[in-house]
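[1] Please work out how this folds:
(one chain, ligands or ions: 2)
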Amino acid sequence: MLKFLKQVGDYTKEAVQAAKYIGQGLSVTFDHMQRRPITVQYPYEKLIPSERFRGRIHFEFDKCISCEVCVRVCPINLPVVDWEFNKETKKKKLNHYSIDFGVCIFCGNCVEYCPTNCLSMTEEYELATYDRHELNYDNVALGRLPVSVTHSDPIVTPLKELAYLPKGVLDPHNLPEGSRRAGKLPAEILEETSK
Ligand code: SF4
Ligand code: SF4
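    Ligands and ions are numbered 1, 2, ... in the order given. Here you go, the predicted model:
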């Protein structure tokens, strides 16, 4: 009899424990049901990069003096500066310049230290390719003017970061009293907030 009662007691304890765990799991679910959606529907919506975003590097061939400072300050000596000495002008002549974005860590050191400011960081972040060798940009590809990732395509809705949240709120949980309910389409929320 005592053994049976002990088994019943153990079983009850385990059942209570299991119910507690289920409750904990559901509390996370309910918490998320109350919050605003913050998922960006990429590629139909894209976040506007911040002003100092470090994207694809732009290079101005004519301004480069082949000093190789960018190579020395790069943590992985990445930029390839191919130059030759012109005996007539007694100056270096740049033949070719390249940066492999498959290896670059976008630290911005080369941009920071270039003495002629011929390097700059753009807001381009869509660098995906099927072949990683295509990420090795030569001076022609580096010299291409940057395109705006959020304004170049009419089907793209540019979004400011956390655009679904009320102004000044950074936490999608515990929204202030009177905030519009969660679950609306991003376009609806943006339309309402722009009124
Ligand atoms: S951004 Fe950094 S890692 Fe990339 S080339 Fe410049 S210095 Fe090197
Ligand atoms: S630091 Fe600037 S000027 Fe010097 S080689 Fe690099 S890109 Fe050219």
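
[2] Any figure for the gap between C67 and N139?
    15 Å (C-beta to C-beta, to the nearest Å). Just so you know, the C-beta spots here come from the backbone N, C-alpha and C atoms, and that holds for glycine as well.

[3] more neighbours, the two?
    N139 (19 against 15; other C-beta atoms under 10 Å).

[4] contacting residues around that one?
    N139 is in contact with F59, F61, H96, Y97, S98, counting by C-beta atoms under 8 Å, 6 or more residues apart in numbering.

[5] Among these, name the buried ones.
    Among the contacts of N139, those classed as buried by 16 or more other C-beta atoms under 10 Å are F59, Y97, S98.

[6] and the longest helix anywhere in the chain, what's its mean pLDDT?
    The longest helix of the chain (DSSP state H) is helix 2-33. Per-residue pLDDT over helix 2-33 has a mean of 92.

[7] now swap in stretch 115-123 and tell me
    Averaging pLDDT along stretch 115-123 yields 95.

[8] now do the same end-to-end measure for that stretch.
    End-to-end distance for stretch 115-123: 22 Å, by C-alpha to C-alpha, to the nearest Å.

[9] That one near ligand 2 at all?
    Yes. Interface with ligand 2: stretch 115-123 contributes P115, T116, C118, L119 (C-beta under 6 Å from any ligand atom).

[10] so how many other residues sit close to the nearest residue to G108 once chain neighbours are set aside?
    Distance criterion C-beta to C-beta, 6 or more residues apart in numbering; nearest residue to G108, sequence neighbours excluded, is R54 at 5.2 Å. Number of residues near R54 (other C-beta under 10 Å) recorded here: 17.

[11] Report all helices and strands that the helix or strand following the longest helix of the chain contacts.
    Counting by DSSP states H and E, the element after helix 2-33 in chain order, helix or strand, is strand 45-47. Contacts defined by 3 or more C-beta pairs under 8 Å, 6 or more residues apart in numbering; DSSP states H and E place strand 45-47 against strand 157-159.

[12] In the strand it packs on, which residues are buried?
    Neighbour counts over strand 157-159 (16+ other C-beta under 10 Å) mark L159 as buried.
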